[in-house]
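Asks: What shape does this take:
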Amino acid sequence: MASVPWWTTLLTALSGSLVGGLFTFAGVAWSQRATRERELTMDRMRHSRERADQLRETQRQLYVDMAEHVEDRQAWYDNLQAGTGQPANLAKLTLHRNQLTARVKLYTSPVVQQLWVTFVAANETIVANIDLGNFHQDQYGDWVLEDRTCVPRAQATADLMIAAIRVALTDEGSGARGLDDEEARLIAEVEALPAHPYGEPKPELIADIRAEAFARLRASVAEA
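Replies: Numbers count the residues shown, from 1 in each chain. Below you'll find the model as predicted:
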């Protein structure tokens with residue numbers, strides 16, 4: 001029986017080592033690639049969470065600024081209702097209303113946007129009456145607007161605005177809701193609001209304004 005040449009044995013050993021080395025290298029490369037992909041996935045997830053947290057914080061600050069603005073207007077309404085101050089005396093707010101309106105359009109839901117537009121319009125109605133001089137002093141020296149409906153309506157829109165802000169903060173991160181659910185939550189929050197010291201708006205007025213706002217929203221959804 002012929003003996004196997006020594007070089008054949010050497011070649012076989014070298015081939016085995018080469019194949020084993022290739023498999024080892026491929027395994028290491030695959031492992032490194034999988035590790036990089038996991039790291040990239042984790043980085044993307046971390047970045048997404050950071051962006052979501054930043055957005056929530058931006059929205060929270062906006063809601064606080066909106067609530068402070070509404071509270072300032074409510075104090076003004078109370079003074080107008082009580083006749084204890086001149087209608088022309090407006091508070092000097094830190095943020096201009098238009099600044100808030102721009103942020104509302106960017107960062108809030110359609111419900112909040114619609115109610116904010118309604119609130120702003122009600123305030124403009126009061127200011128327009130003041131600019132036109134539609135007010136007088138009564139026999140007691142109190143300032144009285146000729147149109148007795150605009151202040152209660154503005155107060156009702158302010159109540160709805162505060163309720164909508166509370167809903168937005170309470171439902172943060174709970175996912176999208178239908179308009180019917182949004183309206184039900186808004187009604188519950190309105191009913192929980194404290195009474196006003198002067199001229200509390202009638203519930204029917206608040207209900208009418210809320211119905212108008214949601215009717216416009218439902219119409220816009222139907223047209224989309």
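Asks: Let's check: the centremost residue of this structure is which one?
Replies: The centroid of the chain falls nearest to residue 108 when counting by Cα atoms, centre = their mean (3.2 Å).
Asks: Now do the contacts for that residue.
Replies: 59, 62, 116, 168 (Cβ atoms under 8 Å, 6 or more residues apart in numbering). The way it works is simple: take the backbone N, C-alpha and C, and place the C-beta from them, glycine included.
Asks: model confidence over stretch 206-214, on average?
Replies: The predicted model assigns stretch 206-214 a mean pLDDT of 95.
Asks: For it, buried residues please.
Replies: Of the residues in stretch 206-214, 206, 209, 210, 213, 214 count as buried by neighbour count, 16 or more other Cβ atoms under 10 Å.
Asks: My read is that residue 60 contacts residue 169, right?
Replies: Yes - with contact defined as Cβ atoms under 8 Å, residue 60 counts as touching residue 169 (7.1 Å).
Asks: hang on, the earlier thing: before we move on, what's the pLDDT of the residue nearest to the centre of the chain?
Replies: 93.
Asks: Ok, residue 92 next?
Replies: pLDDT for residue 92: 61.
Asks: can you map out the helices along the protein?
Replies: Shown for the chain, the helices assigned by DSSP state H span residues 6-82, 97-107, 110-131, 150-170, 179-191, 203-223.
Asks: contacting residues around the last one?
Replies: Contacting residues not belonging to helix 203-223 are listed as 110-111, 114-115, 118, 152-153, 156-157, 159-160, 179, 182-183, 186-187, 190 [Cβ under 8 Å, 6+ apart].
Asks: Kindly recompute the last result at 6 Å.
Replies: Helix 203-223 has contacts (Cβ atoms under 6 Å, 6 or more residues apart in numbering) with 110, 114, 115, 118, 156, 157, 159, 160, 179, 183.
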